[in-house]
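Enquirer: got a predicted structure plus its sequence, pasted below:
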Amino acid sequence: MTLSFRRMVREDAEKVFELEKKIFKDAWSFQSFLNEINDEKISYPFVLLKGTEIVGYAIVLFVLEELHLNNIAVSPEYRGIGYGRAMMEHILERFPEHREIFLEVRQSNTVALEMYTKFNFEQIYRRPNYYADGEHAIIMRRASDRLKQ
């Protein structure tokens with residue numbers, strides 16, 4: 001079955017929110033997803049579809065010449081087969097004009113840290129006690145000289 005991407009719409013919010021709660025202990029609220037869907041000036045929320053099924057999603061924010069990857073997730077049933085990589089490639093292809101990309105990731109999320117490193121993100125800072133459970137966040141950055149792989 002073919003993979004495709006499209007901008008997240010209001011009708012996707014419930015499914016995305018259900019996935020969010022299944023994936024993250026500090027899940028975004030349903031309203032947070034609606035806010036991102038409605039803010040087209042600074043936000044690009046999108047879904048990854050396998051056929052008609054939402055198997056992943058991400059929220060990208062535009063801040064001047066920077067991108068901030070605020071949320072990215074793949075349904076647990078579809079992990080380990082390249083869907084996260086496909087979403088990162090989609091972001092890089094869609095926004096080549098942005099000078100830098102920033103994100104934060106749980107220090108314990110070694111799978112994500114490894115993927116981001118493969119996309120030439122560098123760890124630039126550790127934010128202590130960032131998450132509600134006290135876990136530290138690793139702040140990562142991909143600079144303009146690295147945007148083209």
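Expert: Happy to help now that I have it.
Enquirer: tell me what the helix or strand hosting Ile138 is packed against?
Expert: Using DSSP states H and E, Ile138 sits within strand 137-142. With contacts taken as 3 or more Cβ pairs under 8 Å, 6 or more residues apart in numbering; DSSP states H and E, strand 137-142 sits against strand 100-106, helix 110-118, strand 122-127. Backbone N, C-alpha and C define where each C-beta goes, glycine included.
Enquirer: ranking these by burial, who's on top?
Expert: strand 100-106 (a mean of 19; mean count of other Cβ atoms under 10 Å).
Enquirer: next, Ser32: phi, psi?
Expert: Dihedral angles of Ser32 (phi, psi; degrees, to the nearest 10) stand at phi -60, psi -40.
Enquirer: quick check: it vs Val16, distance?
Expert: 10 Å (Cβ to Cβ, to the nearest Å).
Enquirer: got it, and Asn38?
Expert: 14 Å.
Enquirer: for Met87, helix, strand, or coil?
Expert: helix (DSSP: H, G, I helix; E, B strand; the rest coil).
Enquirer: wait, isn't it in contact with Tyr78?
Expert: No - using Cβ atoms under 8 Å as the test, Met87 is too far from Tyr78 to be in contact (11.2 Å).
Enquirer: roughly how far is the helix or strand encompassing Gln31 from the heart of the chain?
Expert: Secondary structure assignment for Gln31, by DSSP H and E: helix 30-38. Centroid separation for helix 30-38 versus its chain: 15 Å, with Cα atoms, centre = their mean, to the nearest Å.
Enquirer: now stretch 47-59
Expert: What separates the centre of stretch 47-59 from the centre of its chain is 12 Å, taken as Cα atoms, centre = their mean.
Enquirer: please identify the buried residues of it?
Expert: Val47, Leu48, Leu49, Ile54, Val55, Gly56, Tyr57, Ala58, Ile59 (16 or more other Cβ atoms under 10 Å).
Enquirer: quick check, nearest of these to Glu20?
Expert: Distance ranking of the buried residues of stretch 47-59 against Glu20, using Cβ to Cβ, places Tyr57 first at 8.1 Å.
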